[in-house]
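Student: I need the structure of the sequence given here:
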Amino acid sequence: MNPSTSRALAEARALFQAGRPIEAADRLATFVDDAECQFLRAHSLFHARRLPEARAAYARVCALDAGNADAWYNLGGVCQTLKDWEAARPAFAEAARLRPDFADAWARLAGALEQLGRDNEAETAFARAAACESASVQTLERCALFARRRGRPDAARDLYLRAARMAPREARFPLALAEIAQSRESFEEALAYARVAVDLDPASAEAWFRLGTALHQTGGLDEAETALRVSLTRNPGSIPCLYNLATVVKDRDRLDEAAKLYRQVIDARADHAGAWANLAWTLDKTSQAGDARAAYERALRIDPEHANANFNLGWLLARQGELAAAWRHMEWRFAPGRGRARVAHAPPDVGCPPWDGGDLSGKRLLIWPEQGYGDMLQFCRYAAQAKAAGAREVILGARARMLDLVATVPGVDRVHPVEGDETPPACDAWCWLMSLPRLFGTDRIERIPASLPYLRAPEPARARMRAWVDGLPGPRVGLVWKGSADNSSDAWRSLPGVDTLAPLASVPGVTFVNLQYGDISDQLADGVRLWSPEPADRGFAEDAALIEALDLVITVDTAVAHLAGALGRPVWVLLPVPRALDWRWFETRADSPWYPDVMRLFRRQAGEGWDAVVARVAASLAAYRESWPEVGGSMETVPGA
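Tutor: Got it, this is the predicted structure:
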């Protein structure tokens, strides 16, 4: 290099370092045949945002020094900034060809290919970038983002982990890892990464937001609310954070406060379907059904496929007796947007289509269970309609505890155990159990098929339980005070304990029989003493036989209520407050059209304790006892067969 060129380069570098890039570029303008001068000139022009001139200067360098990978890479960068992806692609490709371990060049090439819609080639280029030992943190991050866009969270996770090891003080990588873990429903993992992000950057609103969300998903509602409020102090305008805070407050059962927060979200974003849907839920649970329905409908105008809005509107409509519309909306119960669908089993792998309500003549129909035991007991009645519609064979799937019992349902030709690895039976069509009311046109209450009984205890169990019950004085009343703890509403529907039923003991001459499933030794109290048949872990066939032999069943809203009703036996059901009321009991009735003439409903009103409900039950039991033909026995009964 001659002295004048060296001097010009030195002066241009000094000007550039002094923050005078345009003067630096001008100083080198005449050195058009020197690649080094043109490279610095292009670099200066790029920093001065004179992009077309920078592009021309880098192109000149590539012409002068075709083996300069950095020049090709920078030319691609200028073209990328100009969004000229067609020109950026070959420039990055040449840089990567010249230097195969040039990770950033491979990553930028992949980005250009993606912009051009050449996704398969882009994936190959990103893989080459990630494989380079020289891959920088930024390159790994670009590759991870591409993997996420391509729906490959596991690959993205591995790349973020590499980036996090290279830059352990960067909070954005554990944040990304937390978000990926949440998308995979690995909530404990998400929580761990979110805590790391907060520790690294306690000023980050995003880190606190991610922590609050992860805490919510793992059940730490107190901490979740605190974290989300911290996030809002750092970013007061965050609609996602305000929305999640409202949801945490809702889940903490502060429904009026939650409704106000959802309204704040709506004030900021009137098209937020999730806020309308959750506002509707809070309104419904606070006995504002009309406003709730309007809010659900608003959510569905914004997003007709909003899964929760559809399903919850169906729940509300069913409770109000508008069954035709309710069943349609409740078909959304399986939608991915509902999170964890409330089904006990996966769909059967039978190689035939779901039944759509068409002609069943000569066909084999498999009815597949879902949700809880009570749902099976209530809806298995529809097997008779399937048989009447011409089905050659009706096969009912059921859990092991119910097989013997549901085999007695009219219309059921055989039962199939759904637990374990047994292959589902051959069939021509299958359907979910709770889709049957819609498919058979139960569009209003008057069309509920309610011929009772439609269950019958198997003979061996009937003989055994009848012999046991015949030794007890009557009237003989079965009691159930708790449902399954797995039910999300169990805290509302179950009584605190059997002692809550102590006022029933004031009614003389009644024998109380324990129908509670499982070991109750830790629940017994002095107020109510029970006769307890063996074994404690009876199947439904034994329970059915026992209920058939009793005179009355008093129970909370659990499977026993449906079992007694399906058997056609008198049953009184203690229902929770309106906010926790199941749709199938409708809104105000004292009876049930699902179980006519045998079921009586005792509703707990808003603001009431269970003691008020039990007092009404006790008064009714006293009247019932008075109508009994003869006094038999006393309350001094003891546990034991």
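Student: What segments of this protein are strands?
Tutor: Taking DSSP state E to define them, one finds strands in the chain at 364-368, 393-398, 414-417, 429-432, 476-480, 511-514, 552-556, 571-575, 599-603.
Student: Reformat the ones you listed as a markdown table; add mean neighbour count.
Tutor: Backbone N, C-alpha and C define where each C-beta goes, glycine included. As requested, the strands of the chain are exported to a markdown table (neighbours: other C-beta atoms under 10 Å):
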| stretch | mean neighbour count |
| --- | --- |
| strand 364-368 | 25 |
| strand 393-398 | 24 |
| strand 414-417 | 16 |
| strand 429-432 | 20 |
| strand 476-480 | 24 |
| strand 511-514 | 22 |
| strand 552-556 | 25 |
| strand 571-575 | 24 |
| strand 599-603 | 19 |
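Student: can you put the ones you listed in CSV and add distance to residue 91 and mean pLDDT?
Tutor: Listed next are the strands of the chain as CSV, based on distance: least, C-beta to C-beta, whole Å; pLDDT from 0 to 100:
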stretch, distance to residue 91, mean pLDDT
strand 364-368, 58, 97
strand 393-398, 61, 96
strand 414-417, 64, 95
strand 429-432, 56, 96
strand 476-480, 75, 96
strand 511-514, 81, 93
strand 552-556, 72, 97
strand 571-575, 72, 98
strand 599-603, 74, 98
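Student: between those strands, which gets nearest to residue 590?
Tutor: Smallest distance to residue 590 across the strands of the chain (C-beta to C-beta): 5.4 Å, for strand 599-603.
Student: Just the CA trace of that closest one, in CSV.
Tutor: The C-alpha coordinates for strand 599-603 follow below in CSV (Å, rounded to 0.1, in the frame of the first residue of the first chain):
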residue,chain,number,x,y,z
MET,A,599,-85.6,-36.7,43.6
ARG,A,600,-85.9,-33.7,45.8
LEU,A,601,-83.5,-30.8,45.7
PHE,A,602,-82.5,-28.7,48.8
ARG,A,603,-80.7,-25.6,47.6
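Student: Residues in contact with it: which ones?
Tutor: When contacts are defined by C-beta atoms under 8 Å, 6 or more residues apart in numbering, strand 599-603 is touched by residues 561, 564-565, 570-575, 581, 585, 588-592, 613, 616-617, 620.
Student: try it again with 7 Å
Tutor: Contacts to strand 599-603, defined as C-beta atoms under 7 Å, 6 or more residues apart in numbering, come from residues 565, 571-575, 585, 589-592, 613, 616-617.
Student: That strand versus strand 552-556: what angle between them?
Tutor: 40 degrees (axes from the mean of the first three to the mean of the last three C-alpha atoms, to 10 degrees).
Student: and the direction of strand 599-603 versus that of strand 571-575, what angle?
Tutor: Here the directions of strand 599-603 and strand 571-575 differ by 20 degrees (the same axes, to 10 degrees).
Student: coming back round to it: quick one: which of the strands of the chain is nearest residue 145?
Tutor: Among these, strand 429-432 comes nearest to residue 145, with 39.0 Å by C-beta to C-beta.
Student: I'd like the contacts of strand 599-603 laid out as TSV, including distance to residue 183.
Tutor: Shown next, in TSV, are the contacts of strand 599-603 (distance: C-beta to C-beta, whole Å):
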residue	distance to residue 183
565	43
571	45
572	47
573	41
574	41
575	38
585	37
589	44
590	47
591	47
592	42
613	44
616	49
617	48
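Student: Check those residues and tell me the two furthest apart.
Tutor: The two members of the contacts of strand 599-603 with the most space between them (C-beta to C-beta) are 565 and 616, at 19.9 Å.
Student: who's more crowded, these two?
Tutor: Per other C-beta atoms under 10 Å, whichever of residue 565 and residue 616 has more neighbours is residue 565, with 28 against 16.
Student: Look up how far residue 323 lies from the closest residue to residue 482 other than its chain neighbours.
Tutor: Among residues not flanking residue 482 along the chain, residue 494 sits closest, at 4.3 Å (C-beta to C-beta, 6 or more residues apart in numbering). Residue 494 sits 28 Å away from residue 323, going by C-beta to C-beta, to the nearest Å.
Student: quick one on the thing from earlier: tabulate the strands of the chain in CSV, adding columns for distance to residue 385.
Tutor: Supplementary listing: the strands of the chain in CSV, determined by distance: least, C-beta to C-beta, whole Å:
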stretch, distance to residue 385
strand 364-368, 11
strand 393-398, 10
strand 414-417, 17
strand 429-432, 12
strand 476-480, 29
strand 511-514, 34
strand 552-556, 27
strand 571-575, 24
strand 599-603, 21
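Student: rewinding a little: list the contacts of the residue nearest to residue 482.
Tutor: Counting by C-beta under 7 Å, 6+ apart, residue 494 has contacts 481-483, 556.
Student: May I ask you to confirm that residue 188 is in contact with residue 217?
Tutor: No - applying C-beta atoms under 7 Å as the test, residue 188 and residue 217 come out as separate, 9.0 Å apart.
Student: Which one of the two is surrounded by more residues?
Tutor: Higher neighbour count among residue 188 and residue 217: residue 217, with 18 against 10, using other C-beta under 10 Å.
Student: which residues does that one contact?
Tutor: With contact set as C-beta under 7 Å, 6+ apart, residue 217 has these partners: 182, 187, 190.
Student: Report how many residues lie close to the closest residue in space to the first one that isn't next to it in sequence.
Tutor: I take that to be residue 182. Closest residue to residue 182 apart from its sequence neighbours, by C-beta to C-beta, 6+ apart: residue 190 at 4.4 Å. Residues within reach of residue 190, counting by other C-beta under 10 Å, total 26.
Student: what's residue 48 sitting at in phi/psi?
Tutor: Backbone torsions for residue 48, taken as degrees, to the nearest 10, come to phi -90, psi 0.
Student: Once you drop chain neighbours, what's closest to it?
Tutor: The spatial neighbour of residue 48 that comes closest, neighbours along the chain excluded (C-beta to C-beta, 6+ apart), is residue 21 at 4.3 Å.
Student: What's the separation between the one you found and residue 13?
Tutor: Remark: distance between residue 21 and residue 13 (C-beta to C-beta) = 11 Å.
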